[in-house]
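Colleague: For reference, the sequence and a predicted model appear below.
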Amino acid sequence: MRTCLVVDDSSVIRKVARRILEGMDFQIIEAEDGEKALEVCKRGLPDAILLDWNMPIMDGYEFLGNLRRMPGGDAPKVVFCTTENDVAHIARALHAGANEYIMKPFDKDIVTAKFQEVGLI
């Protein structure tokens, strides 16, 4: 079974994402900030990461930079999840190593479409 790390400081967003992704046969691991997500990745890299941008302690951008510098850190597909919709913000995420991005709020159809685009399903 494929694994997806859901990184978001909102327990509601993590719960919604969990429900959607479990329906897509992913095993879910949760983290509430980038620092905790990095600890998870050091123990074992997931197949996919649904990553929030704005979080306390370590934001999504800093986490992604650290992830991509880890041995094998280029392997997980990373889908950025954000409320920001300006082009510069999205370009920064993709330049940092994100494979795709989705806007909040999201639903099953949006997550499914983005995960298909990056080859996860």
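Modeller: Nice, thanks for sending it over. Numbering: from 1, shown residues only.

Colleague: And the least confident helix or strand in the chain by mean pLDDT, what does it pack against?
Modeller: Counting by mean pLDDT, DSSP states H and E, the chain has its least confident helix or strand at helix 87-95, which shows a mean of 89. The contact analysis (3 or more C-beta pairs under 8 Å, 6 or more residues apart in numbering; DSSP states H and E) places helix 87-95 against helix 60-69, strand 77-82, strand 100-103. No exception for glycine: its C-beta is placed from N, CA and C like everyone else's.

Colleague: Packed most tightly, which of those would that be?
Modeller: Neighbour counts averaged per stretch over the helices and strands packed on helix 87-95 are highest for strand 77-82, at a mean of 24; criterion: mean count of other C-beta atoms under 10 Å.

Colleague: relative to helix 60-69, how tilted is that strand?
Modeller: Between strand 77-82 and helix 60-69, the angle comes out at 170 degrees (axes from the mean of the first three to the mean of the last three C-alpha atoms, to 10 degrees).

Colleague: Contacts for strand 77-82 next, please.
Modeller: The contact list for strand 77-82 (C-beta atoms under 8 Å, 6 or more residues apart in numbering) reads 8, 13, 17, 47-54, 60, 64, 67, 89-90, 93, 97-104, 106, 111, 114-115, 118-120.

Colleague: Show me which parts of the helix or strand containing residue 116 are buried, residue by residue.
Modeller: Taking DSSP states H and E as the definition, one finds residue 116 inside helix 108-117. For helix 108-117, the neighbour count (16 or more other C-beta atoms under 10 Å) marks 111, 112, 114, 115 as buried.

Colleague: same question, stretch 68-75
Modeller: Within stretch 68-75, the residues that qualify as buried are residue 73, counting by 16+ other C-beta under 10 Å.

Colleague: begin at 34 from here
Modeller: Yes, from this point I'll number from 34; that puts the last item at stretch 101-108.

Colleague: Give me the contacts around it.
Modeller: With C-beta under 8 Å, 6+ apart as the test, stretch 101-108 has contacts from 74, 75, 78, 99, 100, 129, 130.

Colleague: what's the first-to-last distance across it?
Modeller: By C-alpha to C-alpha, to the nearest Å, the extent of stretch 101-108 from end to end equals 8 Å.
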